[in-house]
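> Sharing a sequence plus its predicted fold:
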Amino acid sequence: MSKFVDNGPMLNAYPDSCGGTLGDIVTFLEKDELKDTFSSFYILPSIYNTDLDRGFSVIDYGINEELGSKADLDRLRALGIDLKLDFILNHASVLSPQFQDLLKNGEKSKYADFFINWNKFWDGCGEMTEDGYIQPDEKYIKDMFFRKPGLPILMVRMPDGKEIPYWNTFYQEVQYRRPDAQDIINAVEEFNGQGSERIQYMTAENIAKCVCEGLDEGKKPEEIDFGKYAKYREAILEFLANGRKYLGQMDLNIKSDLVWEHYENTLKALSGYGAAIVRLDAFAYAPKEPGKKNFLNEPDTWDVLEKVRTIADKNSLRLLPEIHDSYGAGIYEKVAGKGYMTYDFFLPGLLIYAMEQKNGEALARWAKELVDKKIRVVNMLGCHDGIPVLDLKGLIPDEEIEKLIETIVGRGGLVKNLHGQKNMYYQVNSTYYSALGADDKKMLFARAVQMFMPGKPQVWYLDLFAGENDYAAVERAGAGGHKEINRTNLSNEEMLEKLSKPVVQKQLELLRLRNTDPAFGFDANLDLKQDGSVLTFTWENNGNKISLKADFASYDYEIIK
């Protein structure tokens, strides 16, 4: 039996966030100063063999040998630390063995139905376009939510030259080789047939330059102006098409038996790594049917989750479905009502709101709801994404959400609109410490309140070290790099230096208390009392009792045992 309470704190980091490797993080956790502070560790998915999206595009679920090892995971177990790991239910990388087999063998591939052939899915539901994909009739897609402009497809070239569209909800990139003069000469000869008139070298050199410049400007091959070399256009386009490479995340066909075999193998592997909780990323996109939503279909989504839970149960894993939606939509309650843990995406913004208002009333209402409805959550302050704000709709007035956004942005945060749609705010990217005005007292107050809120507290590594917004990282990342503001990788030297700071030491004391005091636990009783600006949390479990008196006007707190 663990010496820690069953909902003790959980560290959250990438495997290279602290020191550069998972082994460096474990070495840090083995220090006396970190003793008994964490019972779990949520390692973000770059711990796997991945290619894009900082780990969320999985090639396979083997351990990334550049960042970690099975020995590192064994050392975590020796510390009594179990794991929370990601399982990306909806998609896999184009570099996955399954998709690469499809590229190699085409429709004869064992994995021909592992991914979603767009035209087969929409057969009879629309019109074929000149570009080779079916445009679904409006009545079939009017309720669908596409995360990017246009239809979510990637045109994939088969070995026989056919172009087939596959469903691609998330990221995609098509890469073309940059030809030189010899490539152009060979491409034209192959296209026109052996013995045909050969293209001259200087002409080929000029065409290669034209093509490379066009591709470097971001043009698609068919958008390149070949000018006086137009008679070679078809040969060059064929050459480029045959040699193109893909990056991206391809949606899985949950009607395929092989996909469910993949699910079985993955969950078994994660259990073997020491996982206790598995976060289901993008699960709500997995069930798809013509005419239905492609996000949180009902009852389809719940049916899929039940099948996954059956597999998880066999491997002693607890599922944590990840989904963002407004409080008013009630999805959090529906997920909990189905017997799953859920994320408390409301706490990060709600706590800042309560501190700015100098009044914990709204926070107390939320805590009481969690207790009264027996909703088991993983809560957090900061995380690898931003501070959620869309989730607060219906929990506090819209105008207060706008003020909250202005406050965090005024302290250096960056606004992330909802998938490019203006004025539909999804999250604000910022470290939590910066969102609190880089104030040590506020950071400790926020951490203390989190430790006494219902649920299992998750701690973003950078907040533990009182990290500030990293604008240089945002600039280095370029377009779409806003999230890097809160993902600074710390060296071993930086961690040791920060470990001596009082704001870090006092957070560790709070974490150790939360992890080891028997008054806490998922089934413990929580009583809340409010007196003006003071909110008192009292936990009681099997005769053990502990209280936090938190003053939202002064940011002072007192722990009473």
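Noted; the coordinates are in hand.

> From here on, just use CA atoms for contacts and neighbour counts.
Noted.

> Quick check: bridge partners of Trp167?
For Trp167, the beta-bridge partners under DSSP bridges are Ile153.

> Surely it and Leu154 touch.
Yes. At 6.6 Å, Trp167 and Leu154 qualify as touching, with contact defined as C-alpha atoms under 8 Å.

> if I pick Gly328, what's in contact with it?
Residues in contact with Gly328 (C-alpha atoms under 8 Å, 6 or more residues apart in numbering) are Lys393, Gly394, Leu395.

> from these, which would you call buried?
Buried subset of these (neighbour count, 16 or more other C-alpha atoms under 10 Å): Lys393, Leu395.

> looking at the chain, which helix or strand is least sure?
Sorted by mean pLDDT, DSSP states H and E, the helices and strands of the chain end with strand 421-429, the least confident at a mean of 65.

> next SSE after that strand?
helix 432-435 (DSSP states H and E).

> so where is the chain shaky, pLDDT-wise?
1-2, 416-425 (pLDDT under 70).

> rerun that using 50 as the cut-off
Where the chain drops to pLDDT under 50, the residues are 1, 419-420, 422-424.

> how far is stretch 149-165 from where the chain is centred?
26 Å (C-alpha atoms, centre = their mean, to the nearest Å).

> Could you work out the end-to-end span of that stretch for me?
Terminal residues of stretch 149-165 lie 16 Å apart, using C-alpha to C-alpha, to the nearest Å.

> Buried residues, it. List them.
Per 16+ other C-alpha under 10 Å, stretch 149-165 contains these buried residues: Pro152, Ile153, Leu154, Met155, Val156, Arg157, Met158, Glu163, Ile164, Pro165.

> Report the two of those separated the most.
Greatest spacing in the buried residues of stretch 149-165, by C-alpha to C-alpha: Pro152 and Met158 (18.9 Å).

> Could I get the full set of strands for the stretch 251-400 of the chain?
275-281, 318-321, 342-344, 377-380, 387-388 (DSSP state E, counting those that start in this stretch).

> which of the ones you listed is buried the deepest?
strand 387-388 (a mean of 28; mean count of other C-alpha atoms under 10 Å).

> got a list of contacts for it?
With C-alpha under 8 Å, 6+ apart as the criterion, strand 387-388 contacts Phe345, Phe346, Pro348, Gly349, Leu381, Tyr426, Gln427, Val428, Asn429, Ser430, Tyr432.

> swap the cut-off to 7 Å and go again
Phe345, Pro348, Gly349, Tyr426, Gln427, Val428, Asn429, Ser430 (C-alpha atoms under 7 Å, 6 or more residues apart in numbering).

> what sits against the fifth one?
This means Gln427. Gly386, Ile387, Pro388, Val389, Leu390, Val415, Lys416.

> Would you check how far apart the closest residue to the fifth one other than its chain neighbours and Ile352 are?
If the residues on either side of it in the chain are set aside, Leu390 comes closest to Tyr426, at 4.8 Å by C-alpha to C-alpha, 6 or more residues apart in numbering. Distance from Tyr426 to Ile352, counting by C-alpha to C-alpha: 16 Å.

> circling back: so which of the contacts of Gln427 comes closest to Met451?
Distances from Met451 to the contacts of Gln427, taken by C-alpha to C-alpha, are shortest for Ile387, at 18.1 Å.

> hey, what's that closest one bridged with?
Val428.

> mind listing the strands in the stretch 401-550 of the chain by residue range?
414-418, 421-429, 456-460, 525-531, 534-541, 544-551.

> Comparing these, which comes out most buried?
strand 456-460 (a mean of 25).

> May I have the strands that pair with that strand, each with its orientation?
According to DSSP bridges, strand 456-460 has these partners: strand 10-13 (parallel), strand 377-380 (parallel).

> residues in contact with Lys104?
Pro159.

> Only C-alpha atoms, please: export the strand or helix carrying it in PDB.
Following DSSP H and E, one finds Lys104 within helix 97-105. Taking Å, rounded to 0.1, in the frame of the first residue of the first chain, the C-alpha atoms of helix 97-105 are listed here in PDB:
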ATOM      1  CA  PRO A  97       4.200   1.700 -39.100                       C
ATOM      2  CA  GLN A  98       0.600   1.400 -40.200                       C
ATOM      3  CA  PHE A  99       0.500   4.500 -42.400                       C
ATOM      4  CA  GLN A 100       3.900   3.800 -43.900                       C
ATOM      5  CA  ASP A 101       2.700   0.300 -44.800                       C
ATOM      6  CA  LEU A 102      -0.300   1.900 -46.500                       C
ATOM      7  CA  LEU A 103       2.000   4.300 -48.500                       C
ATOM      8  CA  LYS A 104       4.100   1.300 -49.500                       C
ATOM      9  CA  ASN A 105       1.400  -1.200 -50.400                       C
END
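
> Residues contacting the next helix or strand after it, please?
Later in the chain than helix 97-105, the nearest helix or strand by DSSP H and E is helix 118-121. Helix 118-121 has contacts (C-alpha under 7 Å, 6+ apart) with Tyr133, Ile134, Pro165, Tyr166, Trp167.

> re earlier: is it true that the residue nearest to Leu390 touches Lys393?
No. Between Tyr426 and Lys393 there is no contact under C-alpha atoms under 7 Å: 10.6 Å.

> The residue nearest to Leu390 and Pro388, how far apart?
6 Å.

> same question, Ile224
Taken as C-alpha to C-alpha, the span from Ile224 to Pro388 is 42 Å.

> so where do the helices sit in the stretch 51-200 of the chain?
70-78, 97-105, 118-121, 138-141, 181-192 (DSSP state H, counting those that start in this stretch).

> Distance to Asn294 added to those helices, as JSON lines?
Formatted as JSON lines, the helices of the stretch 51-200 of the chain follow (distance: least, C-alpha to C-alpha, whole Å):
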{"stretch": "helix 70-78", "distance to Asn294": "36"}
{"stretch": "helix 97-105", "distance to Asn294": "22"}
{"stretch": "helix 118-121", "distance to Asn294": "13"}
{"stretch": "helix 138-141", "distance to Asn294": "9"}
{"stretch": "helix 181-192", "distance to Asn294": "42"}
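
> Quick one: closest of those to Glu369.
helix 70-78 (34.1 Å).

> what sits up against that closest one?
Contacts for helix 70-78 (C-alpha under 7 Å, 6+ apart): Leu22, Gly23, Val26, Tyr273.

> For these, which entry has the maximal number of neighbours?
Highest neighbour count within these: Leu22, with 24 neighbours (other C-alpha atoms under 10 Å).

> how close does the nearest residue to Asp439 once chain neighbours are set aside get to Tyr461?
Closest residue to Asp439 apart from its sequence neighbours, by C-alpha to C-alpha, 6+ apart: Tyr433 at 7.0 Å. Distance from Tyr433 to Tyr461, counting by C-alpha to C-alpha: 12 Å.
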